[in-house]
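Undergrad: Sharing a model that was predicted from the sequence below.
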Amino acid sequence: MVVETLAVAVWAMLPAYVPNNAAVLVGGGTPIDAGRSYGGRRLLGDGKTWRGTAGGTLAGVLLAGLLNLGRPAIAGATGLDLPGFPPAAAVALAAGAMAGDILASFLKRRTGRERGASFPGLDQLDFVAAALVLAFLVAPAWAASVFTLPVIVAVVVVTPVLHLSTNAGAYLLGLKEEPY
Ligand code: CTP
Ligand code: MG
């Protein structure tokens, strides 16, 4: 059923969606690369900070806990078979999302893109790919049962839409410097 596949895709990825947005809100302070350069360019740039990374990861893990608490009521009300989040899965999704975003900044700097420059495709799917990979590594049985092929396809289709619309919203609210 398409609706359930989409619902499971969004629900299961929520702990990976929130870290980027939380990092925008709490980010700042010392950059992870401490200002260091590599090949004449910043290693990561000022947009990847310790505070943003820690805050983003924490936000994703906390959200997974809240979803666990709300799951019986929401599943009961909607009739959808929504997965819970074991602690290892919650950490993998949240930390994986932050790691993917950091890796993308590394690649952006290596390809000559300054902080804030867009990299279509990478910007929208970096964090999803890393979150999925880490979830399969850290919680393989859980990941295999939740992220079936149809669910992964739904994630890949729906994520760019959600990502672009939340970023556009954050931009309009003055929270983010670029709308992507
Ligand atoms: N942020 C952070 N730490 C992270 C990720 C994000 O502090 N690990 C904060 C930064 O303040 C950053 C903002 O969230 O400027 C927006 O994140 P993002 O769009 O990923 O960074 P950019 O500034 O656009 O830099 P980049 O080009 O490297 O993506
Ligand atoms: Mg950016």
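TA: Structure received. Residues are numbered from 1 along each chain as shown. Ligands and ions are numbered 1, 2, ... in the order given.
Undergrad: for the residue of the chain most remote from its centre, what are its contacts?
TA: What lies farthest from the middle of the chain is Gly40; by C-alpha atoms, centre = their mean that is 28.8 Å. If you count contacts by C-beta atoms under 8 Å, 6 or more residues apart in numbering, Gly40 has none. (Each C-beta comes from the backbone N, C-alpha and C, glycine too.)
Undergrad: Can you read off the pLDDT for it?
TA: For Gly40, the model assigns a pLDDT of 93.
Undergrad: cool, His163 as well?
TA: Note on His163: pLDDT of 86.
Undergrad: and the helix or strand harbouring Gly96, how far from the chain's centre?
TA: Assigned by DSSP states H and E, Gly96 falls within helix 87-110. Centre-to-centre, helix 87-110 and its host chain are 7 Å apart (C-alpha atoms, centre = their mean, to the nearest Å).
Undergrad: Kindly format the C-alpha coordinates of that helix as CSV.
TA: Extracted C-alpha coordinates of helix 87-110, given in CSV (Å, rounded to 0.1, in the frame of the first residue of the first chain):
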residue,chain,number,x,y,z
PRO,A,87,18.6,3.2,20.8
ALA,A,88,21.3,2.0,18.3
ALA,A,89,19.0,2.7,15.4
ALA,A,90,18.2,6.2,16.7
VAL,A,91,21.8,7.1,17.2
ALA,A,92,22.8,5.7,13.8
LEU,A,93,20.1,7.7,11.9
ALA,A,94,20.9,11.0,13.7
ALA,A,95,24.7,10.7,13.7
GLY,A,96,24.6,9.3,10.2
ALA,A,97,22.7,12.3,8.9
MET,A,98,25.2,14.7,10.5
ALA,A,99,28.1,12.7,9.1
GLY,A,100,26.6,12.7,5.6
ASP,A,101,26.2,16.5,5.7
ILE,A,102,29.8,16.9,6.9
LEU,A,103,31.1,14.6,4.2
ALA,A,104,29.1,16.6,1.6
SER,A,105,30.8,19.8,2.8
PHE,A,106,34.2,18.1,2.5
LEU,A,107,33.3,17.2,-1.1
LYS,A,108,31.9,20.7,-1.8
ARG,A,109,35.2,22.3,-0.7
ARG,A,110,37.2,19.8,-2.8
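Undergrad: Is whichever helix or strand comes after it in proximity to ligand 1?
TA: Helices and strands here follow DSSP H and E; after helix 87-110, the next one along the chain is helix 122-138. No - counting by C-beta under 6 Å from any ligand atom, ligand 1 has no neighbours in helix 122-138; the shortest distance is 7.3 Å.
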